[in-house]
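what's the 3D shape of this:
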Amino acid sequence: MAIDCPFLDHIGNTPLIRLRAASERTGCAIFGKAEFMNPGGSVKDRAAKYLLLDALERGLIAPGGTVIEGTAGNTGIGLTLAGNALGLKTIILMPDTQSAEKQSALRGMGADLRTVPAVPYANPDNYVHQARRLAEAMAANTPGGVFYANQWDNLANSNGHTTSTGPEIWAQTGGKVDGFICSVGTGGTLAGVSAYLKQRSPSVITAAADPDGAAIYSWVKTGKLVSHGSSITEGIGQNRITGNLSGARIDDAYNIPDQEWLPVLWELIGTEGLYVGTSSGINVAGAIRLARQLGPGHCVVTILCDSASRYESKLFNPAFLQDKGLQPPPWFER
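Numbering: from 1, shown residues only. Just a heads-up that it's a prediction; the model follows:
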């Protein structure tokens, strides 16, 4: 099925950037895949692309139809922009705790954004459940159909990373990648990239970088979902095994508290010129941990997910950070 959509055509093939400070500190070559350079500004453009292509190819939606998704923001942005280009309407349900920047961006793009109270997944009023119920209620009488994207359990998400992100990393490193690590939201990126890299070289070590308040670290280490504490990160930190995570080939995991990854983020911005967001900070901190475990001379790849511009009201708010026991950027002192 040929689809004329330049937005989708330009998702992927992002640069692989050598992270100078992290590499020098560990004696390894640590690279960040610059997913913030996708047209919608994040790695979630890939999920949006493959979720929509799969739905269109299977006849689940047609031009004029409506896409519905529960999202912390970035997948919603990708779905909305791609939907605009494909002639689809988009309804997004998002926890009201997410950044004002992501909320205003979605509204500015034309999404029907509905913020709801943030409650655990076990609560029937969790935003994911509300999105599914809304899609079911609208399905019968919506022209063009209704597609509930369900990035969490729809395997088109992880399959898209197996099709695109994994092969790109393999080619860009000349097949010399020794480790891959990233944080977990839906699990699509980690599961999909790991599947491809393990297929090419079973010796590649794959790992999750998990913030406080998330349970994937515990799941990988003990087989049990246990979490402690909280984090200022957004869009990552999973406490259930999603469809995309189920069966994922993950070798190891690291718990990365805010106090550890935030200085790494300040370093990325202040000395590398990479204006990236919170999940990029935890990913690079995780890559440093994995590189130290592997030892000098290895190649480790992680994901630079999105821009710090989507979190400015929190990241660059000294009062907010100090209330969480965190230090603002060192240049604020100057």
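
C-terminal to the lengthiest helix in the chain, what's the next element?
The longest helix of the chain (DSSP state H) is helix 278-294. Using DSSP states H and E, the helix or strand that directly follows helix 278-294 along the chain is strand 299-304.

can I get that next one in CSV? Just the C-alpha atoms.
Provided in CSV are the C-alpha atoms of strand 299-304 (Å, rounded to 0.1, in the frame of the first residue of the first chain):
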residue,chain,number,x,y,z
CYS,A,299,30.9,0.5,22.0
VAL,A,300,27.6,1.4,23.7
VAL,A,301,24.6,3.0,22.1
THR,A,302,21.6,4.8,23.7
ILE,A,303,18.8,7.0,22.6
LEU,A,304,18.6,10.8,22.8
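
mind listing what that strand pairs with, with the direction of each?
In the sheet, strand 299-304 lines up against strand 29-34 (parallel), strand 179-182 (parallel) (DSSP bridges).

what's the offset of the last one from the middle of its chain?
A distance of 13 Å separates the C-alpha centroid of strand 179-182 from that of its chain, computed with Cα atoms, centre = their mean, to the nearest Å.

and Phe7, what element?
Phe7 belongs to helix 6-9 when assigned by DSSP H and E.

report all helices and strands that that helix contacts.
Helix 6-9 is packed against helix 44-57, helix 74-86, with contacts defined by 3 or more Cβ pairs under 8 Å, 6 or more residues apart in numbering; DSSP states H and E. Every C-beta, even on glycine, is put in place using the N, C-alpha and C of the backbone.

do that again at 7 Å, thanks
Using 3 or more Cβ pairs under 7 Å, 6 or more residues apart in numbering; DSSP states H and E as the contact test, the elements touching helix 6-9 are helix 74-86.

so how far is whichever helix or strand comes after the helix it packs on off the chain centroid?
The helix or strand immediately downstream of helix 74-86 is strand 89-95, counting by DSSP H and E. Mean-position distance between strand 89-95 and its chain equals 17 Å (Cα atoms, centre = their mean).

over to stretch 151-163?
12 Å.

buried stuff in it?
Residues of stretch 151-163 classed as buried by neighbour count (16 or more other Cβ atoms under 10 Å): 151-152, 154-163.

and Ile303, what does it touch?
32-33, 35, 43, 182, 189, 283 (Cβ atoms under 7 Å, 6 or more residues apart in numbering).

buried subset of those residues, written for PyMOL?
If you want just the buried ones from these in PyMOL, going by 16+ other Cβ under 10 Å, the selection is:
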select buried, resi 32+33+35+43+182+189+283
